[in-house]
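Novice: Fold the following.
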Amino acid sequence: MIWTAFALTTSLLLAPVDTKQVVLCETSLLKSCLKNLSVDVRGQLPASVAEIKQLLGQRGAMVLPLDDKHVAGVVLLARDQLPQSLSIELSGSLHSFTLSDQLAVTLWHEVGHLEAINLVALGVFDTLSSYRHEWVADCYLIWRSAKEGKGLDLAWQQYHRRNLNMMQNADNISHWTVPVMAQVLQHYDAEQLASFNRFSDFMQDALPRLFEEEQDTLDEFASLFHRTFNTQAMQPLPDYMFWRKPVLAQLLEPTLVSLLGESAARDWMQKQNLPLQISHL
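Specialist: The predicted structure is shown next:
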């Protein structure tokens, strides 16, 4: 398998999934990258370069899983479309959140989708919903970051990014993996995560400890996010979705503290009638 020159520089980020390789194709070198794929692999991808780029759209990366003995999937990468920061307006002020090492974080997440498929093949999962696909991919990111000696900083960054995306637009609920990420970060430290040689070993250890929210519950959280962070004038409803507020407060707390600082985060949560749970992280 011949990879593009750019792929060779990032090969350490694209560890094999089980015994299968993961191929990285950067959009700027997509035509030459596709030429190096086997006939069987190429036949499973969209017919033209234009179709593949259209599939990627404005995203920084996406993965195309394959049914092949040697290749688990192709990761498409548009390096110039990787976000470097996020901004959110809270209480009339604009706050920015810098995103570090987005190449590594993005590629690990995409490989995580292939690892999720592999977990089905191994019998760890019976099926994969779209939402489960996302949180398993982020669990892989957490494990992989620890395994690479990066600690948990990038894992927390992904946690905050998921929350910030929801603050910006509640339609991002399909990618709001924070409820599961929070459980992983509560149960494991970096050293414990790194002790698992394979992601599948970690997941089999973690699954009995993890709880996945039902879609109805996620829909209620999405509605509460919309009510809480929509900047358009809305009728005050302090008790709106009050039964979800304690959990939402707990899940938002680390992000708000990171974004605003502890004192300002406490003030903001009080104004939103979110139960105070501020703690030092």
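
Novice: my read: Gln270 touches Leu276, true?
Specialist: Yes: using CB atoms under 8 Å, Gln270 is in contact with Leu276, at 6.7 Å. The way it works is simple: take the backbone N, C-alpha and C, and place the C-beta from them, glycine included.

Novice: For the closest residue to Ala137 other than its chain neighbours, list the residues it contacts.
Specialist: Distance criterion CB to CB, 6 or more residues apart in numbering; nearest residue to Ala137, sequence neighbours excluded, is Gly112 at 3.2 Å. Going by CB atoms under 8 Å, 6 or more residues apart in numbering, Gly112 touches Val136, Ala137, Asp138, Cys139, Tyr140, Leu141, Arg144.

Novice: rerun at 10 Å
Specialist: When contacts are counted by CB atoms under 10 Å, 6 or more residues apart in numbering, Gly112 touches 17, 63, 133-144, 199.

Novice: any idea which of those is closest to Thr106?
Specialist: Nearest to Thr106 among those: Leu141, at 9.2 Å, using CB to CB.

Novice: tell me what the helix or strand harbouring the closest one is packed against?
Specialist: Take DSSP states H and E as the rule and Leu141 turns out to sit in helix 130-147. Packing partners of helix 130-147 (3 or more CB pairs under 10 Å, 6 or more residues apart in numbering; DSSP states H and E): helix 102-121, helix 153-168, helix 178-187, helix 190-194, helix 199-206.

Novice: okay, the last one in CSV with CA atoms only?
Specialist: Written as CSV, here are the backbone C-alpha positions of helix 199-206 (Å, rounded to 0.1, in the frame of the first residue of the first chain):
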residue,chain,number,x,y,z
PHE,A,199,-8.8,-0.4,22.6
SER,A,200,-11.1,-3.4,22.7
ASP,A,201,-9.6,-4.4,26.0
PHE,A,202,-10.4,-1.0,27.4
MET,A,203,-13.9,-1.0,26.1
GLN,A,204,-14.7,-4.4,27.5
ASP,A,205,-13.5,-3.2,30.9
ALA,A,206,-15.4,0.1,30.6
